[in-house]
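Engineer: All I have is the shape, not the residue letters:
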């Protein structure tokens, strides 16, 4: 499967990446190579293979949900880059309106 420039630009836009022309070409080739390799799986005869959701036997290990001691506020204020009105302030990472 060939990944074209339009697909690379769309993924870069979604990931908010600014790519150079060289990077676009490189990523297009790399992703195309990866998809071609993965398509080889379709050539395998898997009729006798049972579906599995994981290759090893897993089971959930639950622990009691019990409250524990909290970090003192003074310690949190010291560690946080910005702390206002009892809250850690972080940079906005999601726009209020979509860009497209």
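Structural biologist: Great, that's in hand. Model, not experiment: these values are computed from the prediction. Numbering: from 1, shown residues only.

Engineer: Report the separation between the residue most central in space within the chain and residue 8.
Structural biologist: Centre of the chain computed as the mean C-alpha position; nearest residue by Cα atoms, centre = their mean is residue 15, 9.9 Å away. Distance of residue 15 to residue 8, given as Cβ to Cβ, to the nearest Å: 11 Å. Every residue, glycine included, has its C-beta placed from N, CA and C.

Engineer: again, but for residue 53
Structural biologist: For residue 53, the distance to residue 8 under the criterion Cβ to Cβ works out to 32 Å.

Engineer: who does the longest helix seen in the chain touch, helix- and strand-wise?
Structural biologist: Within the chain, and with DSSP state H defining each element, the longest helix by residue count is helix 21-39. Based on contacts counted as 3 or more Cβ pairs under 8 Å, 6 or more residues apart in numbering; DSSP states H and E, the elements that helix 21-39 packs against are helix 5-14.

Engineer: List the buried residues for the helix it packs on?
Structural biologist: Along helix 5-14, these residues count as buried under the neighbour rule (16 or more other Cβ atoms under 10 Å): residue 8.
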